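Asker: Mind folding the following:
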Amino acid sequence: MHVVRIVFALLLIFNWTTAQAEEMPELATLLALFSANSTEDGNVRLNWTLDQQSPAVVKFRIYRGYEELGNFPVLAEIPFHAENGTADYLYQDTSAIPGVTYYYKLAAQGQINESIFPVVISAGVPLGEKSSGQESTAPAVVLPGDSLRLYVRKSGHVKIERMSPDKKVLIDSELAAGVYEINSGKSTQTLKVTVAPSYEFSLTWPIK
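Answerer: Have a look, this model is predicted:
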């Protein structure tokens, strides 16, 4: 008898949730434009334009990652504009680090669900003159700045060694794409960066 009651209760819950899903307004929107560009003040400006907006949309969510097919944490949430017809949106990514390429995705957010647009765009703030001769497309780059930061473009095995004034291995492991801050002190030092299978580069840090 208890089993019958449990099954009946589960059927009621299933039917109720199915009805709720069927009654849920669509988040469908028509995305006319989604772009990302670096600005003169060192940010990445994201623009998107919608030909139509669903009244079910509450806000938009921007995701940012370091690889096109990698992990995309939430960067920001933008309120919905209650407009008829075409709607324009703008977001300034002020946390972008010069020399790093970022990948962005956009999603329309409802009360309890979301719809991610099937497009990924990329942009980055130029590194400038302080590149210490490193290749712009190198799999791993040491970034200029007050702290020692390593930018890994693609997941893989990375090793970074301090060659002088003493010898010490700072990193020797599999790293996901991203930016890593390394505690190595403030003194002038020579570093060697090795990325499997065959990339190797030496430089002096701090980068001047």
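Asker: Could you use CA atoms for every contact and neighbour count after this?
Answerer: OK.
Asker: contacts for stretch 197-208?
Answerer: 130-132, 134, 139, 143-146, 148, 186-194 (Cα atoms under 8 Å, 6 or more residues apart in numbering).
Asker: redo that, cut-off 10 Å
Answerer: The set of residues external to stretch 197-208 that reach it, using Cα atoms under 10 Å, 6 or more residues apart in numbering, is 129-135, 138-148, 156-164, 186-195.
Asker: What about those, which are in helices?
Answerer: Applying DSSP state H to these, no entry is found in helices.
Asker: Neighbours of Ala196, how many?
Answerer: 12 (other Cα atoms under 10 Å).
Asker: next structured bit after the lowest-mean-pLDDT helix or strand in the chain?
Answerer: Least confident helix or strand of the chain, by mean pLDDT, DSSP states H and E, is helix 2-23 with a mean of 35. Next along the chain after helix 2-23, taking DSSP states H and E as the criterion, comes strand 30-38.
Asker: now whichever helix or strand comes after that next one and strand 30-38, what's the angle there?
Answerer: Later in the chain than strand 30-38, the nearest helix or strand by DSSP H and E is strand 44-52. Using axes from the mean of the first three to the mean of the last three Cα atoms, to 10 degrees, one finds that strand 44-52 and strand 30-38 are set 170 degrees apart in direction.
Asker: what does strand 44-52 rub up against?
Answerer: With Cα under 10 Å, 6+ apart as the test, strand 44-52 has contacts from 28-39, 62, 83-98, 102, 104, 106, 121-125.
Asker: name the helices or strands packed onto the helix or strand following it?
Answerer: For strand 44-52, the following helix or strand on the C-terminal side (DSSP H and E) is strand 59-65. For strand 59-65, the elements it packs on are strand 74-79, strand 87-93, strand 102-109, strand 114-116, strand 121-123, judged by 3 or more Cα pairs under 10 Å, 6 or more residues apart in numbering; DSSP states H and E.
Asker: and those strands, which one is worst for confidence?
Answerer: Sorting the helices and strands packed on strand 59-65 by mean pLDDT places strand 114-116 lowest, at a mean of 85.
Asker: which secondary structure elements does it contact?
Answerer: Against strand 114-116 (3+ Cα pairs under 10 Å, 6+ apart) you get strand 59-65, strand 102-109.
Asker: hmm, who's touching it?
Answerer: 26-29, 57-63, 105-109.
Asker: and which of those is nearest Glu174?
Answerer: Nearest to Glu174 among the contacts of strand 114-116 is Tyr63, at 23.8 Å by Cα to Cα.
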